[in-house]
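Enquirer: Please find the sequence and the predicted model below.
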Amino acid sequence: MVTSKLILTSKTKIILFCFSLVFVLSSCRVTFVPSYDEEVAAQIEDTAKQIDKFYLQMLENQNERKYEHYANEYVNIQVEINSLYNKNKVKSLNKNSTRICEITLQLWKKYKEEHKNDETLSDGIIKLNRKTFEDLFYAMQVAEKGKEIINNPAN
C-alpha cells in the first residue's frame, strides 16, 4: 500500500512537471529583430520629403502637369526607392521593412506609368498619391524606429 502511494505521488509529480514544462515553453517566445540603421532612417526621411515636395509642386503648377515636366524627378525618386528596397532586402530578419519598400516601389512605378499614359494628373489624384506615399513612408519610419527601440532599450 505504501509503494502504491509512492508511485502515485511520482506519477503526479511527473504529470505536474510535464504540464509546467508545456506551460513555460508555450508562454515564451523569442522574436529576432533586425538591427537599426541610422543611414536607412535618414534616407527614408529624405525620400519622403522629396516625394512630398514633388507632389506639392505639381499641385501648385496646374498648367504644367504634363509627364515630360516631371519625368526626371520620377526617375530620381525611383532611384531612391530602389536603394531603400535593396538596403532592406540584404538585411537579415527584415521581411516587413522589405515588403513595405516593395509595395512603395510597385506603387511608384504604377503611378508614374499612369501619369505617363494620361499625360496629366488631376488635383484629386495628386492628393491621393501624396497621401498614399505619406502613409507608406510613415510605416517605414515606424518600422525603423521600432528596430532602434528594440535594439537600444532605455536604461
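Expert: Sure, I can see it.
Enquirer: make it CA atoms for all contacts and neighbour counts henceforth
Expert: Noted.
Enquirer: Buried residues of the top helix by length along the chain, list them for me.
Expert: Counting residues, the longest helix found in the chain (DSSP state H) is helix 123-151. Using 16 or more other Cα atoms under 10 Å as the test for burial, helix 123-151 gives 126, 129-130, 133-134, 136-137, 139-141, 143-148.
Enquirer: name the helices or strands packed onto it?
Expert: helix 38-60, helix 95-118 (3 or more Cα pairs under 8 Å, 6 or more residues apart in numbering; DSSP states H and E).
Enquirer: Now do that helix against helix 38-60, angle only.
Expert: On the basis of axes from the mean of the first three to the mean of the last three Cα atoms, to 10 degrees, helix 123-151 is oriented at 170 degrees to helix 38-60.
Enquirer: what angle do helix 123-151 and helix 95-118 make?
Expert: 160 degrees.
Enquirer: quick one: average confidence on helix 123-151?
Expert: Taken as a whole, helix 123-151 has a mean pLDDT of 95.
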